[in-house]
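Visitor: Quick one: sequence and predicted model below, then my questions.
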Amino acid sequence: MKPKLTPDRNLSLEAVRGTEAAAIAAALHMGGGDEKIADEAAVGAMQQALNTFHIDGTVRIGEEGDDINNGLYIGAKVGTGNGVKADVALVALEGKSIVARGGYNALSVLATAEDGGFLTVPNIYMEKIAFSQEVPEGTVDLDNKPAENLRSIADAKNVDIADLLVVMLDRPRHIKLLAEVRKAGARVRLILDGDVSGAIASVMPNNAVDVYMGIGGAQQGVLAAAATRCFGGHMQGRLITRNEEDAFKAREIGIKILDAKLTANEMASGNVTFAATGVSEGYMLNGVTLFPGGATTHSMVMRSHTGTFRFVEGHHKFQKLDN
């Protein structure tokens, strides 16, 4: 019998190695106008790094497709196979279009959990709300009106609604939500991409963002839940099945209640490690800085077992990256 995943500082550092490799690979294509090339480079670099990890890993949240160029699809085996059994959730490059246009706030993200710790979700949409541990759990709910949730958050933080900063994706689907948030009096930061980073910003201690709201990718929702667990924050998510195809995708992987409200713990349970590396400059992490023969990276790594999070600055020499 293989050992269960236990809190392991070495695994935390390995996770960072995976996101660093993907971030550097993507950054080499910054502003190149081709998001596919940038994404494939990040996926390939993360896969190469993952396969050196001393885990018997299974990808639960991963990349689309299962062709020869993508070994990080859902269900793929990663790691050396000789270590602990672990679930792996990843987005090698969050913000493909950001990198293609040389934009702001692209990330590489990787999380690990105990075997069975990550909820497998299809590549469809999820409605989400995330907020910090300062707000009592149960006072904010996806079924509440936005103004009600904002009032609960403001009361918990002992501030006015006008002092709150709400982050959401800049999408046509959020026109009604945006109008309601503005009517309630809160400030808004619209982001072009970066679903995971928006949620993380809302649960980080002493951060300017108070709440993340809106509809984004379901798989990014599970990664956001992993980070939320590590920070001790709160999150709810609910799958959005726009049509029968979405419903079929959800049922096919075993989801029985399509409109269930999911907590962070239901999406990412047990001992969780989360790592993210900035690809381009963001409001949480600096982007990759390239220099002749190498690169500098800025990452964060967290463990739910301890609640500890660290910022890691990496200095990489390209001729030694394989060592």
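Guide: Thanks, I have it.

Visitor: My understanding was that V288 contacts I24; is that so?
Guide: Yes - the criterion here is CB atoms under 8 Å, and V288 meets it with I24 at 5.6 Å. For every residue, glycine as well, the C-beta is placed using N, CA and C.

Visitor: Next, show the common contact partners of these two.
Guide: Any residue near both V288 and I24 by CB atoms under 8 Å, 6 or more residues apart in numbering counts here, and that gives 295, 297.

Visitor: how near is V78 to I175?
Guide: 40 Å (CB to CB, to the nearest Å).

Visitor: Between the two, which is the more surrounded one?
Guide: Counted by other CB atoms under 10 Å, V78 and I175 do not tie: V78 has more neighbours, with 24 against 9.

Visitor: What is the burial count for D34?
Guide: Using other CB under 10 Å as the criterion, D34 is surrounded by 12 other residues.

Visitor: can you pull the contacts of it?
Guide: Neighbours of D34 in contact, by CB under 8 Å, 6+ apart: A100.

Visitor: Would you quantify the distance from it to A26?
Guide: Note on D34: its distance to A26, by CB to CB, is 11 Å.

Visitor: and if you look at V203?
Guide: Distance of V203 to A26, given as CB to CB: 25 Å.

Visitor: What pLDDT does the model give M1?
Guide: Reported pLDDT at M1 in the predicted model: 47.

Visitor: the more surrounded of V203 and A26?
Guide: Counting neighbours by other CB under 10 Å for V203 and for A26 shows that A26 has the greater number, 34 against 26.

Visitor: name the element that one belongs to?
Guide: helix 9-27 (DSSP states H and E).

Visitor: Can you point out the buried residues in that helix?
Guide: For helix 9-27, a neighbour-count test (16 or more other CB atoms under 10 Å) marks 11-12, 14-27 as buried.

Visitor: ok, these vs E114, which is closest?
Guide: Closest approach between the buried residues of helix 9-27 and E114, by CB to CB: L11, at 11.3 Å.

Visitor: Please name every helix or strand in contact with the helix holding A26.
Guide: On a contact count with 3 or more CB pairs under 8 Å, 6 or more residues apart in numbering; DSSP states H and E, helix 9-27 meets helix 35-50, strand 84-94, strand 107-114, strand 272-278, strand 294-303, strand 309-317.

Visitor: Please repeat the previous calculation with a cut-off of 10 Å.
Guide: In terms of contacts (3 or more CB pairs under 10 Å, 6 or more residues apart in numbering; DSSP states H and E), helix 9-27 is packed against helix 35-50, strand 84-94, helix 96-101, strand 107-114, strand 272-278, strand 289-291, strand 294-303, strand 309-317.

Visitor: Include mean neighbour count, distance to A130 and mean pLDDT when you put these into TSV, please.
Guide: Shown next, in TSV, are those (neighbours: other CB atoms under 10 Å; distance: least, CB to CB, whole Å; pLDDT from 0 to 100):
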stretch	mean neighbour count	distance to A130	mean pLDDT
helix 35-50	22	24	95
strand 84-94	27	15	93
helix 96-101	21	20	93
strand 107-114	29	15	94
strand 272-278	29	14	95
strand 289-291	13	29	95
strand 294-303	21	15	95
strand 309-317	13	16	93
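
Visitor: Quick one: the strands in the stretch 51-200 of the chain, in order.
Guide: Here the stretch 51-200 of the chain has its strands, by DSSP state E, counting those that start in this stretch, at 55-61, 77-78, 84-94, 107-114, 125-131, 165-169, 187-191.

Visitor: and the last one, which strands flank it?
Guide: So that's strand 187-191. Sheet pairing of strand 187-191 (DSSP bridges) gives strand 165-169 (parallel).

Visitor: Repeat that for the fifth one.
Guide: Strand 125-131 has the following strand partners under DSSP bridges: strand 211-217 (antiparallel), strand 234-240 (antiparallel).

Visitor: State the mean pLDDT of it.
Guide: Here the average pLDDT along strand 125-131 is 96.

Visitor: Give me the buried positions along it.
Guide: Across strand 125-131, burial judged by 16+ other CB under 10 Å covers 125-131.

Visitor: Centre of the chain to it, how far?
Guide: Strand 125-131 sits 12 Å away from the centroid of its parent chain (CA atoms, centre = their mean, to the nearest Å).

Visitor: Let's see that strand as PDB, backbone CA atoms only.
Guide: Presented in PDB, the C-alpha positions along strand 125-131 are these (Å, rounded to 0.1, in the frame of the first residue of the first chain):
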ATOM      1  CA  TYR A 125     -18.700  27.500 -16.700                       C
ATOM      2  CA  MET A 126     -19.100  27.900 -12.900                       C
ATOM      3  CA  GLU A 127     -20.700  30.700 -10.900                       C
ATOM      4  CA  LYS A 128     -18.400  31.700  -8.100                       C
ATOM      5  CA  ILE A 129     -18.100  34.000  -5.100                       C
ATOM      6  CA  ALA A 130     -14.900  34.100  -2.900                       C
ATOM      7  CA  PHE A 131     -14.100  36.200   0.100                       C
END
